[in-house]
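Chemist: from the sequence below, what's the structure:
(one chain, ligands or ions: 1)
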Amino acid sequence: MRAVRREIRGPAAPRSESTGRTRATRAGSPAGPADGLDGVMDAEADGERRLDRLTWPELAGPAREALPLVALPLGSTEQHGPHLPAGTDTIVAAALAAALAAHRPDVLVAPALAYGASGEHAGFPATMSLGTAVLELAVVELVRSLDATARGIVLVNGHGGNAVAVGRAARLLAAEGRRVLVWAPRPSTAGRGGQHAGRDETSLMLHLAPGLVRSGAAAAGPSPPPTVAELVRHGVRALSPNGVLGDPAGASAAEGERLFTDLRNDLVAAVAARDPAPTAYEGEPDG
Ligand SMILES: [Zn+2]
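Modeler: Numbers count the residues shown, from 1 in each chain. As a prediction, the model looks like this:
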C-alpha cells in the first residue's frame, strides 16, 4: 500500500522533542526505557489526550494556530481469519494514533472510525462494511466538523481497503483548503508477510492485544496468494475459505513490537515533515 500524503502546511522549524514522559507502555508489558516504546499507549490511558473524554470548553479558546492536531484512526470491522478479531485494523490504527499523541503533546486522538470499505470480505461472519462511497462521505464530514477543534487532521488508516475512499476524501478536503494528512503503512514499513491476517498483522496483534489472538487456530491462506485483481473480481470468500491471505506462521510479539515501532516512527516522521512547528503558525491562511 502506498501512503498518500496531503500537506499540513507550516513553516519549517525544528520541533521540540516529545513529552519527556516515561510511563509504562501497557499493563503486563515488560518494556523498559530502552525499548523506545515508552508511552505508546499513553493516549489510551490519558483522557486529556482523547477528544471523546473532553468537554467543549476544555477545547475552546486558543487561536487557530494553537489548536491541536487531531489524529483520526480509520479501521474496519471485517473477518481476519480464524485467529484474529474483526477489529484488528481498528486496534492497530488506534494504537498508532495513540503512539503519535504520546510522541507529540499537540496531538489529540479522536474516536476511531471502526467501519470501513470491506466489500472484499463480504460473506464472512463479522464483516460490517460501509463501502467506498459512504466511507468517503463519512471522512469528509468528520473532517469538516472538526473545524473548531483542530488546526489539522491526521488520518491514520489501518485498512488497505479504505485507501480509495480516503484518497478521494482527502482530495476534496484539500481543495476546500483544509489541512489533512493521510498516512497508511507503506511497503517499506509493512514488514515481510501477509496481505491479510498473515504474519505481520498477527505479530502486531500479539504485541498490541495478545489476549485477542487465537494462536491455536492460526492457519495459512492459499499458496500462492491470489492477486489483487483476482480479489477484486471474486472476493476473499471464494479464494481463501479461511479468510487468510498470507501465512501467520512465525509471527511473534517481538516481531510485532519491531513492526509497530517502524510504523510509529514513519507516522511520527510524516507528521513532523508536514507540521514541524505547531506553535509557529502566524497568520498563515488555510489552504
Ligand atoms: Zn487487517
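
Chemist: just to be sure, residue 96 is in a helix?
Modeler: Yes: the assignment for residue 96, made by DSSP: H, G, I helix; E, B strand; the rest coil, places it in a helix.

Chemist: next, count neighbours for it.
Modeler: The number of residues packed near residue 96 is 28, by other C-beta atoms under 10 Å. (Each C-beta comes from the backbone N, C-alpha and C, glycine too.)

Chemist: residues in contact with it?
Modeler: Remark: with contacts taken as C-beta atoms under 8 Å, 6 or more residues apart in numbering, residue 96 is in contact with 73, 156, 158, 260, 263, 264, 267.

Chemist: same question, residue 69
Modeler: When contacts are counted by C-beta under 8 Å, 6+ apart, residue 69 is found next to 8, 104, 106-108, 150-154, 271, 275, 278.

Chemist: if it is in a bridge, with which residues?
Modeler: Residues in a beta bridge with residue 69, per DSSP bridges, are residue 107, residue 152.

Chemist: follow-up on the earlier one: from the contacts of residue 96, which land in helices?
Modeler: Counting by DSSP state H, the part of the contacts of residue 96 found in helices is 260, 263, 264, 267.

Chemist: so residue 163 sits against residue 157, correct?
Modeler: Yes: Residue 163 is within contact range of residue 157, at 6.8 Å (criterion: C-beta atoms under 8 Å).

Chemist: which of these two has more neighbours?
Modeler: The residue with more neighbours, out of residue 163 and residue 157, is residue 157; 29 against 20, by other C-beta under 10 Å.

Chemist: contacts only, for the more buried one.
Modeler: Residues near residue 157 by C-beta under 8 Å, 6+ apart: 74, 93, 163, 166, 182, 183, 184.

Chemist: tabulate these (CSV), appending secondary structure, distance to residue 85 and pLDDT.
Modeler: Listed next are these as CSV, based on DSSP: H, G, I helix; E, B strand; the rest coil; distance: C-beta to C-beta, whole Å; pLDDT from 0 to 100:
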residue, secondary structure, distance to residue 85, pLDDT
74, strand, 17, 98
93, helix, 14, 98
163, helix, 22, 96
166, helix, 22, 97
182, strand, 25, 96
183, strand, 23, 97
184, coil, 20, 95
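
Chemist: pick the one among the residues you listed closest to residue 209.
Modeler: residue 93 (12.8 Å; C-beta to C-beta).

Chemist: residue 142 and the ion, how far apart?
Modeler: Taking C-beta to the ion, to the nearest Å as the measure, residue 142 falls 21 Å from the ion.

Chemist: picking that back up, now the contacts of residue 96 in TSV, with distance to the ion, neighbour count and pLDDT?
Modeler: Below are those laid out as TSV (distance: C-beta to the ion, whole Å; neighbours: other C-beta atoms under 10 Å; pLDDT from 0 to 100):
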residue	distance to the ion	neighbour count	pLDDT
73	13	26	98
156	14	30	98
158	7	28	97
260	14	22	97
263	13	25	97
264	17	21	97
267	17	24	97
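
Chemist: would you mind naming the helix or strand containing the residue in the chain positioned nearest to the ion?
Modeler: Closest approach between the chain and the ion, counting by C-beta to the ion: residue 89, at 4.1 Å. Using DSSP states H and E, the secondary-structure element containing residue 89 is helix 88-103.

Chemist: so what's the gap between that helix and the chain middle?
Modeler: For helix 88-103, the separation from the chain centroid amounts to 6 Å (computed by C-alpha atoms, centre = their mean, to the nearest Å).

Chemist: would a markdown table of the contacts of residue 157 with distance to the ion be doable?
Modeler: Listed next are these as a markdown table, based on distance: C-beta to the ion, whole Å:
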| residue | distance to the ion |
| --- | --- |
| 74 | 12 |
| 93 | 10 |
| 163 | 13 |
| 166 | 15 |
| 182 | 17 |
| 183 | 16 |
| 184 | 12 |
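
Chemist: this completes my enquiry, with thanks.
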